[in-house]
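Asker: any chance you could fold what I've pasted below:
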Amino acid sequence: MKLLIIGGVAGGAAAAARARRLNEDAQIIMFERGEYVSFANCGLPYYAGDVVKKRQFLLVQTPRGLKKRFNIDVRVRHLVKAIDPINKTIQVKDLATNRNYSETYDKLILSPGAEPIVPAFEGVDLPCVHTVRTVPDIDRIKEALDLAKVKRAVVIGAGFIGLEMSENLRERGVETYLVEKMDQVMPPFDKDMAVILEREIMAHDVRLYLNEEVVKISMENNGYKVHTASGKGLDTDLVIMAIGVRPETNLAKQAGLKLGSQGIVTDAKMKTSDESIYAIGDVVESFDPVTAVYRNVPLAGPAAKQALVAVNNIFGIDDEYAGTIGTSIVKVFNLAAAMTGASEKTLKAAKINHSKVYTHPADHVGYYPGAVKMAIKLLYDPDSGIVLGAQIVGKNGVDRKTDVLAVAVKQKMLIKDLAELELCYAPPYGTSKDAINLIGMTALNHKRDITKLIQWEDILKEDFLLDTRTVGEYDRGNVPNSVNIPVDELRERLNEIPKNRNIAVFCQYGVRAHVACRILNQHGYRAANISGGYVTFVNYRDAYKSSSLLSAQSKLDNETFCSGTIGEPVTDK
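Answerer: Model (predicted):
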């Protein structure tokens, strides 16, 4: 067996190592056009920010190490120019010597990854403009930072790389501008969750410009200037292009392999339209088991798993890749934001029936020092109760909670399962009713019609808006036209609430409102709990203040309200 692998990093390197573990006699050759065959590209922003202190920490494996341990022939700085599927050969150029040669194969794995998107506007070729994909990319950025040549920087694009680079530039004392064409940061997230990150970004003095498109970069007398469509001119010493990536499908297209709208088409065995060619990682379309569509998901985890599936099938182990649900996490200064499965906007676009629920639990019990709130948004099928997706933003425990919900999405678990899960508990680490249990219980109460849930965007003009927080909380920030009756006074003040109107009830996070709804419903009122309470209201208002989400029917006006309390040690008694 002669196996050729085009591309390294997460997918290609994992495939090569797996192939050798399965077959000691196979001839395995890996081609990488760059100098580094296996490096931690997810760690590049943190090297620029001096969080990762030593460059060698980024180098996961070297050609020498792969040869010594796995007997793999690794050829760096070798560009594969073409694939001939009929004769089962590839054309290669050795970039060090300019020698061109061909190599035959029995099986071929394509793992070329994805390339940064660089728009074709004026100035993208100026020396101040950088992308963040390879070790040499970050070397150039790091050198400029270390030599104190960078006082101001503009980051274009507010996805994973854009947020990470903005944070690390700011931590190094660089005046940082973050420019995003869309109306939110982190486009995969729903806007009402992304707004929490936007507040965190601005709190750390990153100048955030949403709904701004860069149209030109020019050289000025004392540096460079980034120009936007609205007429803004941002003086800068450094520009980071973090708009996104596109799969590198040129080789596949030239070879006549079947392509979809977002990458190479493969079957569940990771085989392409050619029997002898497999494809993995950022270059392929992955099946999304939640929405039943194929999409490109450029993440290291799926790439490594696809590598194992492809190699298993090449060496006779029947295996299939079950699909990618897009579980991911990003650090944004003092917060973490994670998601798994489908977002609300994805479900809407796919016309998939869904319900949503918000909770704001603490990461551990309030009486143990250091407890902080997080924001959780859960999406589920209202008929079957199957978990469809989730997003979490907070300071502590976000990764652990999201991992549990990722299992729930992958295994098509029910909200009832979430309510019943048996999870770790001790005061420093959690609560007896874990955050996962609580959001499952909240959704289940709604599905069982124990307590009806309503969303802020669904409040109607004729609804009676009842705030069950304390008078002090109400005075610190409230919803216009709401009536404040603290939950502990509710039974004595029922005569103040009309029975001929729908009662929309809220508190700070939703716990007290649930109690209030149970009281009201059992006294003959039509009460519904506004999911996520006042904190979710603040997120809605910050996120959608310029949109039509809150319709003309809504009682809510366009006032600006106080910031949310995610990450703050606030309790909801």
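
Asker: count the neighbours of residue 382 for me.
Answerer: Residues lying near residue 382 (other CB atoms under 10 Å) number 14. Bear in mind the C-beta positions are built from the backbone N, C-alpha and C, glycine included.

Asker: for it, list the residues it contacts.
Answerer: 353, 354, 355, 447 (CB atoms under 8 Å, 6 or more residues apart in numbering).

Asker: recalculate using a threshold of 6 Å.
Answerer: By CB atoms under 6 Å, 6 or more residues apart in numbering, the contact list for residue 382 reads residue 355.

Asker: and what of the one 3 residues further on?
Answerer: Contacts for residue 385 were tallied using CB under 6 Å, 6+ apart; they are 414, 415, 447.

Asker: and it, what pLDDT?
Answerer: Residue 385 carries a pLDDT value of 97.

Asker: quick check: the gap between it and residue 514.
Answerer: 19 Å (CB to CB, to the nearest Å).

Asker: returning to what we had before: out of the contacts of residue 385, which are inside strands?
Answerer: Using DSSP state E to define strands, no part of the contacts of residue 385 is located there.

Asker: a markdown table for those, including pLDDT, neighbour count and distance to residue 143?
Answerer: Shown next, in a markdown table, are the contacts of residue 385 (pLDDT from 0 to 100; neighbours: other CB atoms under 10 Å; distance: CB to CB, whole Å):
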| residue | pLDDT | neighbour count | distance to residue 143 |
| --- | --- | --- | --- |
| 414 | 98 | 20 | 53 |
| 415 | 98 | 27 | 51 |
| 447 | 94 | 20 | 57 |
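
Asker: tell me which entries of these lie within helices.
Answerer: 415, 447 (DSSP state H).

Asker: now residue 49. Nearest residue, chain neighbours left out?
Answerer: Of all residues not flanking residue 49 in the chain, residue 168 sits nearest, at 2.7 Å (CB to CB, 6 or more residues apart in numbering).

Asker: next up, the contacts around that neighbour.
Answerer: 45, 48, 49.

Asker: okay, now the domains of the protein?
Answerer: 2-114+246-314, 129-243, 341-447, 452-544 (automatic domain parsing).

Asker: can I get these in a markdown table with distance to residue 123?
Answerer: Below are the domains of the chain laid out as a markdown table (distance: least, CB to CB, whole Å):
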| stretch | distance to residue 123 |
| --- | --- |
| domain 2-114+246-314 | 21 |
| domain 129-243 | 3 |
| domain 341-447 | 33 |
| domain 452-544 | 32 |
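
Asker: just so I know, which of those lies nearest residue 332?
Answerer: domain 129-243 (5.0 Å; CB to CB).

Asker: give me the secondary structure label for residue 166.
Answerer: Secondary structure state of residue 166, per DSSP: H, G, I helix; E, B strand; the rest coil, is helix.

Asker: quick revisit: nearest to residue 396, of the contacts of residue 385?
Answerer: Relative to residue 396, and with distances defined as CB to CB, the nearest of the contacts of residue 385 is residue 415, at 24.1 Å.

Asker: pretty sure that closest one is touching residue 440, no?
Answerer: Yes. Counting by CB atoms under 6 Å, residue 440 is a contact partner of residue 415 at 4.9 Å.

Asker: pull the number of nearby residues for the nearest residue to residue 260 once chain neighbours are set aside.
Answerer: Nearest-residue entry for residue 260: residue 285, 4.5 Å, with adjacent residues in sequence omitted and distances by CB to CB, 6+ apart. Here the number of neighbours of residue 285 (other CB under 10 Å) works out to 21.
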